[in-house]
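*Asks:* sharing a model prediction with you, sequence too.
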Amino acid sequence: MSEPAFDSRGRLNRRRFSSALALSPLAAALPTQAQAATATVGQPAPDFSAQDTSGKAHKLSDFKGKLVVLEWTNPGCPFVVKHYGGNMQALQKEFTAKGVVWLAVNSTAREAADYQAPAQLAGWMKGKAGAPTATLMDEPGRVGQLYGAKTTPHMVIVSPQGVLVYAGAIDSIASARESDIRTATNYVRQGLSEALAGKPLSVATTRAYGCSVKYRSA
């Protein structure tokens, strides 16, 4: 019988973590398509490297020791527009101020109608007063497929130990209506608050909703 990733108090099982780490793709800077959709809640988060909109490279493993949020985004998606009416920016500012690393990821293929070049995407984020730590370009779709991102937004939380602890929707109401934000349970705020308090997440997986990620055709 295999050991659980966490003990009864929500603490990382270091022996299980070390064993899983040896078998995971953490050593790969750029995952291949064959490694797609390998991310699993409760297991080490697969490492990746991607450039931000200014051309600077970022690796997930560079942020070991910190909580990390991955946010799949696409300015052309009405569900993204809903949350960038102020909700997403508020989350970014609230939690980066507490030391959380927030990486917005755009996996939209270059040939897609709503693709934005790095400078354009950076301008959109600035115009919306977005405050992620970095906005990453993932035109080949490697990072998105590695994490099984199917919609925008799609949210992931990685623990300071490098374990994937949440994956799914930003909140509990799957609509494009901004008015629904007020009454929805925000799973990201809830999960980050619990993690920062040293508690296990009460909700670890949900079904993400939004527009389909416009991956590059094979």
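*Replies:* Received, thanks. Residues are numbered from 1 along each chain as shown.
*Asks:* host element of the residue nearest to R189 when sequence neighbours are not counted?
*Replies:* Of all residues not flanking R189 in the chain, L91 sits nearest, at 6.2 Å (C-beta to C-beta, 6 or more residues apart in numbering). Quick note: C-beta positions are derived from backbone N, CA and C, even for glycine. Following DSSP states H and E, one finds L91 within helix 87-96.
*Asks:* packing partners for that helix?
*Replies:* Packed against helix 87-96, as judged by 3 or more C-beta pairs under 8 Å, 6 or more residues apart in numbering; DSSP states H and E, are the following elements: strand 101-106, helix 187-196.
*Asks:* if you compare these, which one is most tucked away?
*Replies:* strand 101-106 (a mean of 24; mean count of other C-beta atoms under 10 Å).
*Asks:* so what strands line up beside that strand?
*Replies:* Paired neighbours of strand 101-106 in the sheet (DSSP bridges): strand 68-72 (parallel), strand 134-137 (parallel).
*Asks:* and the helix or strand following the shortest one, average pLDDT?
*Replies:* Using DSSP H and E, the helix or strand that follows strand 134-137 in sequence is helix 142-146. With pLDDT averaged residue by residue, helix 142-146 scores 97.
*Asks:* so which residue is smack in the middle of the chain?
*Replies:* L70 (1.9 Å; C-alpha atoms, centre = their mean).
*Asks:* from K126, how far out is the residue nearest to that residue when sequence neighbours are not counted?
*Replies:* The shortest distance from L70 to any non-neighbouring residue, by C-beta to C-beta, 6+ apart, is to V156 (4.0 Å). V156 is 24 Å from K126, where distance means C-beta to C-beta, to the nearest Å.
*Asks:* these two - which one has more neighbours?
*Replies:* Taking neighbours as other C-beta atoms under 10 Å, V156 and K126 compare with V156 leading, 24 against 12.
*Asks:* test my guess that the more buried one contacts A167.
*Replies:* Yes. Shown here, V156 and A167 form a contact pair, counting by C-beta atoms under 8 Å, at 5.1 Å.
*Asks:* identify the contacts common to those two.
*Replies:* Shared contacts of V156 and A167 (C-beta atoms under 8 Å, 6 or more residues apart in numbering): A39, Y147.
*Asks:* just checking, T38 touches V143?
*Replies:* No. Judged on C-beta under 8 Å, T38 makes no contact with V143 at a distance of 11.8 Å.
*Asks:* who's more crowded, the two?
*Replies:* V143 (25 against 15).
*Asks:* all the helices of the protein, in order from the start?
*Replies:* Here the chain has its helices, by DSSP state H, at 14-23, 78-83, 87-96, 118-127, 142-146, 187-196.
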